[in-house]
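[1] Generate a structure from the sequence data that follows.
(one chain, ligands or ions: 3)
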Amino acid sequence: MAEILASLLEVAEKAANIARVCRAEEALFRLLVEEKTGDDKNKKFLSDFKTLADVLIQEAIKHYVGKKFPGLAGHIYGEESNKFTNSLGETVYIEVRATPADTAELLTLVLDGNHQAARLLAEAVHSDSGLAPDPRLKDIAVKLEPEDLGVWVDPIDSTNQYIEGASDDKGRGGVFEHGLQCVTVLVGAYGRHDGLPIMGVVNQPFVRRDPQTGRWSGKGFWGLCYDGVRVSSIQGPPHSVDLSVVMSGSEGEHVRLAMGKLCGGDSERVRLVAGAGYKALCVAEGFVSAYVCTKPKTTYAWDSCAPHAVLRSLGGGVANLRRCMASYRQGVTERGEEGKEPPQLVYHQPFPNGKGAEMWANMDGFVAYRSPAVLQAALLALAECERT
Ligand code: 2IP
Ligand code: CA
Ligand code: CA
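    Ligands and ions are numbered 1, 2, ... in the order given. Presented below is the predicted three-dimensional model:
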């Protein structure tokens, strides 16, 4: 089991390296940020390049994890499809090939013959992640086979912030509302049998920028929760005892009001923050108490699985909002059912009536929390606002 987690950490770091290379190398950066102007062909090519960075990262993760653990191959899912149509109308399937030269040759087909960009990307995919092994993994003695697991990957979460690439937000209380810090690579493994998240890696590729070199460095977080064992890279209690909440700017006024009340009427403690993975990470790191998402079809299994595992490793979770509220209406006590974990999001079954990505949307909404008491307080606040 520890080997699987080590491998997820390794591929997430490789993914972060690819994400950084696309911004650091002039030939790739130009493709990434170029304005969507010009003719339709140009427009399509540029939007494809943005998707290409995502797809390539996802395929790299599938390739390396699947090669190391054949029992997992075929059970690694992600946001992106690897099928491309290039400007000549040819269909190209992006994959990692045996050598950097072979991968570069394939990438050239979707990069309109841009050999330099293809070579740089292929090098990033094939090179070592450079990640030092985490000694804490050695002590994890949990018995689980690759055949027991499925994996959800979001190769780049917060794509908008990644493309815009702003780094002007100074952050407050450890939380950045927008900018490159909100970008994460998310790799989460769940139980094939019950769909509960078991281990997850959240890699933040852009944490600090060296003022001298302009180079970014990042940070990887992980957590594991299975069969009574909880281990996490995150140590120590949350940073503040005051309740605070992060949510998407797309949440409605009534949710904002309810969360404002929960936070003692202090609007400074209700933050609108970019990136589903990053918001959940802010909870896991203990910078805020909860992440509330009430809107269906805004986040997906690949957004929540990895941070969910990290939160569970810390004694928290990502509760299914609709099911929690239903329990409330049926009169379950305000503290929840004694000794029982509140209903969690699960990752093994598609939404029955959904089509395409919708099948994996978090349709019921959720509350991500570290402390079960915070979850109960958030549910109470939402229930009260429903009544008024
Ligand atoms: C997005 C991304 C957005 C988020 C949205 C996700 O994933 O995390 O930031 O919206 O829910 O699906 P918001 O920031 O309003 O929460 P991606 O960038 O992978 O499309
Ligand atoms: Ca996402
Ligand atoms: Ca994404």
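
[2] Pick out the residue of this structure closest to ligand 2.
    Asp157 (3.9 Å; C-beta to the ion). C-beta: built from backbone N, CA, C; applies to glycine.

[3] what about Leu345, how many neighbours?
    24 (other C-beta atoms under 10 Å).

[4] Test my guess that it contacts Trp302.
    No - taking contacts as C-beta atoms under 8 Å, Leu345 lies outside contact range of Trp302: 12.0 Å.

[5] Is it correct that the residue of the chain closest to ligand 2 is in contact with Tyr278?
    Yes - using C-beta under 8 Å, Asp157 is in contact with Tyr278, at 7.1 Å.

[6] Need the overlap of contacts for those two.
    Common neighbours of Asp157 and Tyr278, using C-beta atoms under 8 Å, 6 or more residues apart in numbering, are 183-184.

[7] Name the residues of the stretch 151-300 of the chain found near ligand 3, please.
    154, 156 (C-beta under 5 Å from the ion).

[8] returning to that earlier point: does the residue of the chain closest to ligand 2 have any beta-bridge partners, and if so which?
    When bridges are called by DSSP bridges, Asp157 pairs up with Thr184.

[9] Which residues are in contact with it?
    Asp157 neighbours (C-beta under 8 Å, 6+ apart): 183-186, 275-278, 303.

[10] of those residues, list those near ligand 2.
    Answer for those near ligand 2 (C-beta under 5 Å from the ion): Asp303.

[11] which one of the contacts of Asp157 sits closest to Met363?
    Of all the contacts of Asp157, Asp303 has the smallest distance to Met363: 13.0 Å, by C-beta to C-beta.

[12] now the strands for the stretch 1-150 of the chain?
    76-78, 83-85, 91-93, 149-157 (DSSP state E, counting those that start in this stretch).

[13] Now render the ones you listed as JSON lines, adding mean pLDDT.
    Below are the strands of the stretch 1-150 of the chain laid out as JSON lines (pLDDT from 0 to 100):
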{"stretch": "strand 76-78", "mean pLDDT": "94"}
{"stretch": "strand 83-85", "mean pLDDT": "77"}
{"stretch": "strand 91-93", "mean pLDDT": "87"}
{"stretch": "strand 149-157", "mean pLDDT": "96"}
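
[14] Buried deepest among these, which one?
    Of all these, strand 149-157 has the most neighbours on average by mean count of other C-beta atoms under 10 Å, namely a mean of 26.

[15] touching ligand 1 at all, that one?
    Yes - applying C-beta under 6 Å from any ligand atom, one finds strand 149-157 touching ligand 1 at 154, 157.

[16] What of stretch 309-323?
    No - using C-beta under 6 Å from any ligand atom, no contact is recorded between stretch 309-323 and ligand 1, whose separation bottoms out at 13.5 Å.

[17] Quote the end-to-end distance of that stretch.
    Separation of the first and last residues of stretch 309-323 by C-alpha to C-alpha, to the nearest Å is 19 Å.

[18] Now do the buried residues in it.
    The neighbour-count check on stretch 309-323 (16 or more other C-beta atoms under 10 Å) flags 309-314, 316-321, 323 as buried.

[19] And for stretch 292-309?
    Applying 16+ other C-beta under 10 Å to stretch 292-309 flags 292-295, 299-309 as buried.

[20] Just those: which are in strands?
    Among the buried residues of stretch 292-309, the ones falling in strands (DSSP state E) are 292-293.

[21] Ligand 1: which of the buried residues of stretch 292-309 is nearest?
    Among the buried residues of stretch 292-309, Thr299 lies closest to ligand 1 (C-beta to the nearest ligand atom), at 4.4 Å.

[22] Kindly list the main-chain dihedrals of that closest one?
    Dihedral angles of Thr299 (phi, psi; degrees, to the nearest 10) stand at phi -130, psi 160.

[23] Next: Ile198.
    Dihedral angles (degrees, to the nearest 10) for Ile198: phi -110, psi -50.

[24] Now it. Nearest residue, chain neighbours left out?
    Leaving aside its chain neighbours, Ile198 sits nearest to Tyr226 (4.9 Å; criterion: C-beta to C-beta, 6 or more residues apart in numbering).

[25] I'd guessed that neighbour sits against Leu144; true?
    Yes - at 6.5 Å, Tyr226 counts as touching Leu144 under the criterion of C-beta under 8 Å.

[26] In the stretch 1-150 of the chain, what residue comes closest to ligand 3?
    Going by C-beta to the ion, ligand 3 is nearest to Glu79 of the stretch 1-150 of the chain, at 4.9 Å.
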